[in-house]
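Student: Dropping the sequence and predicted coords here.
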Amino acid sequence: MPTATQSTPLAPLTGPPGLPLHPGSHVRDAHRALCVMRATVEAVPLLRRFAREAAAPWELGDEVEEALGVAVTELVANVVRHSGSPDVAVLLTTTGTTLTLQVQDTGRWRPRRPRLPGDDDAACCGRGLQLVRAYAQDCAIIRTAHGTRVAVTLVADAVIAQRTVAD
């Protein structure tokens, strides 16, 4: 289970260092939700459920909730597979029709092991960030000596438009 959760209205956003704030982020209807868990395989579906349930009352629509589910799944899976971090944090912030997802770890990037004879050639791996970027209006990856933070911006109208073009 999550070790920390919270969903509260925001005061004016101060944002993490190095990440730009969205214009209009001081609006009255802004919200945030935070969850920190051990970076284990079990964290992937739990954090996906946390994110979707936290975002549901914000009424951003099914398309944004679907995009959020995909993004959380891929980004948390990357932390579990590649970072070596003991923990993973998921922070959601919303203003109007814009949702920002941040996934942060305290590990160091570890490349995926090379394919070995006998590996399933049909297995789909290595496409997670491509999927996230396909849904996102913006995706920033910030690597530091203290870990990695990925910030993804989902905008209701943009997610719907991208989905319509893909169909």
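Tutor: That came through, no problem.
Student: what about the strands in this structure?
Tutor: Applying DSSP state E to the chain gives strands spanning 4-9, 31-38, 87-95, 98-105, 138-144, 147-155.
Student: would you turn these into a markdown table with distance to Val44, mean pLDDT and mean neighbour count?
Tutor: Where you see a C-beta, it was placed from the backbone N, CA and C, and this is true even at glycine. Putting the strands of the chain into a markdown table (distance: least, C-beta to C-beta, whole Å; pLDDT from 0 to 100; neighbours: other C-beta atoms under 10 Å) gives the following:
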| stretch | distance to Val44 | mean pLDDT | mean neighbour count |
| --- | --- | --- | --- |
| strand 4-9 | 17 | 38 | 11 |
| strand 31-38 | 10 | 93 | 18 |
| strand 87-95 | 9 | 94 | 23 |
| strand 98-105 | 11 | 95 | 23 |
| strand 138-144 | 19 | 92 | 13 |
| strand 147-155 | 15 | 94 | 22 |
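Student: Any idea what the closest residue to Leu91 other than its chain neighbours is bridged to?
Tutor: Once its chain neighbours are removed from consideration, Leu91 has its nearest residue in Gln102; the separation is 4.4 Å (C-beta to C-beta, 6 or more residues apart in numbering). Beta-bridge pairing for Gln102 (DSSP bridges): Leu91, Ala151.
Student: Could you dump the strands of the chain into CSV with distance to Ala55 added?
Tutor: CSV is the format used below for the strands of the chain (distance: least, C-beta to C-beta, whole Å):
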stretch, distance to Ala55
strand 4-9, 10
strand 31-38, 7
strand 87-95, 6
strand 98-105, 6
strand 138-144, 17
strand 147-155, 9
